[in-house]
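Peer 1: Sharing a model prediction with you, sequence too.
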Amino acid sequence: MRKLAGAASAAFLVMLLIPWTATAQTKPRARALGIPFDGTPGPLDAITDVKGVEVGHTTLISGSGKLVVGQGPVRTGVTAILPRGKASSDPVFAGWFSLNGNGEMTGTTWVEESGFLESPVMITNTHSVGIVRDAVIAWRVAHGQPEGSEYWWSLPVVAETYDGYLNDVNGFHVHQEDAFHAIDTAQSGPVPEGGVGGGTGMICYEFKGGIGTASRQLDAKSGGYTVGVLLQCNCGSREQLRIAGVPVGREISAHKVWADAKGAGSEDTGSIIIVVATDAPLLPHQLKRLARRAALGLARTGSTSGNGSGDIFIAFSTANPGASKLTGVSTVQMVVNDAMNPLFAATVEATEEAIVNALVAGQTMTGIDDHVVDGLPHDRLREVLKKYNRLAH
């Protein structure tokens, strides 16, 4: 059984997480394979290029062979995105958008009403949303602010995609301590990608998917702002996949996993959660506009956001600290609407690249009942791009 206590549990997590984190950080990324992208990335080409943002993962992998509900095999986890890091509980302006609603992102009605994101953004599997939501509340209570300024209620933002083809999704293997671990170990710097955290058991365009991230740095004329994207990619059919405009999915044939998983055959199904971060001073209605643009980045990779897909996006800004103060009048700044086009373009570009980064980082995985999902083969990808004269180098 995965559930351990005390020091044994901590030791298990360390043993499990370190190899996957190290592997994810040293894997080649899409640009290293010669895939061309528009725009200028930040130094890390990750959401953590937005100053203050921290990301943490808990990755749960155990067992093999026949599915025994409650025992495994386990291929799942949880990912945490902290807008201002663990050191600050200052809410950020935010806006959200549902491109197709066959999915879940909790807490969004209050984001819509208040304009603020007050908690980490957590991403996990479909049937672990509840436990992760409750865990975030417990974490915030345990890390409460000084008396008189503490939060006595919380509506966390927790999103999901479905990993039941590879994972014992009905076994409820994500626990409170896993959400705690993802938050407590969140950090700036390079972000592990592929089959880690909430993305552990995810499938994207019928290749192994998972977590992907990218960023764009605007030039000084456009404000010098940074836009970062982190997503959990679990959507699309093989035939839809396009990389750098090339019909990669049609060129690289493989076993149709979604036909087994959902009976959907070649339909666009699954889900994708996209988190957009920026240091540009934007108000909530402007951040909703930014969140909508993530849909265009998704479309660049071929998705049509089918009926069975949960495609839900949230955007936040780390600018305007202290805007949520409890009394008085807050003075805030905003980019004028006519100057937002570079931010829109950056969101589209970073979303597209983050999806491809998730695919490039994905490694072949065997899950429940020996289901196998292939990683996107790098050599074949380069051959296809070269065939269409789209290989950068």
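Peer 2: Okay, I see it. All figures in this text were calculated on a predicted structure; none of them were measured in a lab. Numbering: from 1, shown residues only.

Peer 1: residues contacting the closest residue to Val373 other than its chain neighbours?
Peer 2: Leaving aside its chain neighbours, Val373 sits nearest to Lys208 (4.8 Å; criterion: C-beta to C-beta, 6 or more residues apart in numbering). Glycine gets a C-beta too; all of them are placed from N, C-alpha and C. Contact analysis of Lys208 by C-beta atoms under 8 Å, 6 or more residues apart in numbering lists 194-195, 202, 359, 362-365, 373-376.

Peer 1: Which of those are buried, as a PyMOL select command?
Peer 2: What follows is the PyMOL syntax selecting those of the contacts of Lys208 that are buried according to 16 or more other C-beta atoms under 10 Å:
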select buried, resi 194+195+202+359+362+363+365+373+374+375+376
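
Peer 1: wait, is Asn389 part of a helix?
Peer 2: No: under DSSP: H, G, I helix; E, B strand; the rest coil, Asn389 sits outside any helix and is assigned coil.

Peer 1: mind checking how far it is from Val373?
Peer 2: 30 Å (C-beta to C-beta, to the nearest Å).

Peer 1: Ends of stretch 134-154, what's the gap?
Peer 2: Terminal residues of stretch 134-154 lie 9 Å apart, using C-alpha to C-alpha, to the nearest Å.

Peer 1: can you map out the strands along the stretch 201-350 of the chain?
Peer 2: 203-204, 207-208, 210-217, 226-235, 269-278, 308-317 (DSSP state E, counting those that start in this stretch).

Peer 1: Could you pull out the helices in this protein for me?
Peer 2: 6-26, 108-114, 129-142, 176-184, 248-251, 257-262, 284-300, 341-361, 378-387 (DSSP state H).

Peer 1: Poorly predicted segments of the chain, please.
Peer 2: Within the chain, the ranges that satisfy pLDDT under 70 run 1-26, 145-152, 254-268.

Peer 1: rerun that using 50 as the cut-off
Peer 2: 1-25, 258-265 (pLDDT under 50).

Peer 1: who does the residue nearest to Val373 bridge with?
Peer 2: Ile203 (DSSP bridges).

Peer 1: And the one 4 residues further on, by the same measure?
Peer 2: With DSSP bridges applied, the residues forming beta bridges to Gly212 are Leu231.

Peer 1: Around it, how many other residues sit close by?
Peer 2: Using other C-beta atoms under 10 Å, Gly212 has 32 other residues around it.

Peer 1: any idea how far it is from Ile123?
Peer 2: 12 Å.

Peer 1: Let me know which of the strands of the stretch 201-350 of the chain is the nearest to His57.
Peer 2: Closest approach to His57 among the strands of the stretch 201-350 of the chain (C-beta to C-beta): strand 210-217, 7.4 Å.

Peer 1: Which strands or helices does that closest one pack on?
Peer 2: Strand 210-217 is packed against strand 226-235, helix 341-361, with contacts defined by 3 or more C-beta pairs under 8 Å, 6 or more residues apart in numbering; DSSP states H and E.

Peer 1: Which of those sits closest to Glu112?
Peer 2: helix 341-361 (19.2 Å).

Peer 1: And that closest one, how far out from the chain middle?
Peer 2: With C-alpha atoms, centre = their mean, to the nearest Å as the basis, helix 341-361 stands 12 Å off its chain's centre.

Peer 1: just checking, what packs against it?
Peer 2: So helix 341-361, by 3+ C-beta pairs under 8 Å, 6+ apart, packs with strand 203-204, strand 210-217, strand 226-235, strand 269-278, helix 284-300.

Peer 1: And that helix, what's buried?
Peer 2: Applying 16+ other C-beta under 10 Å to helix 341-361 flags 342-343, 345-361 as buried.
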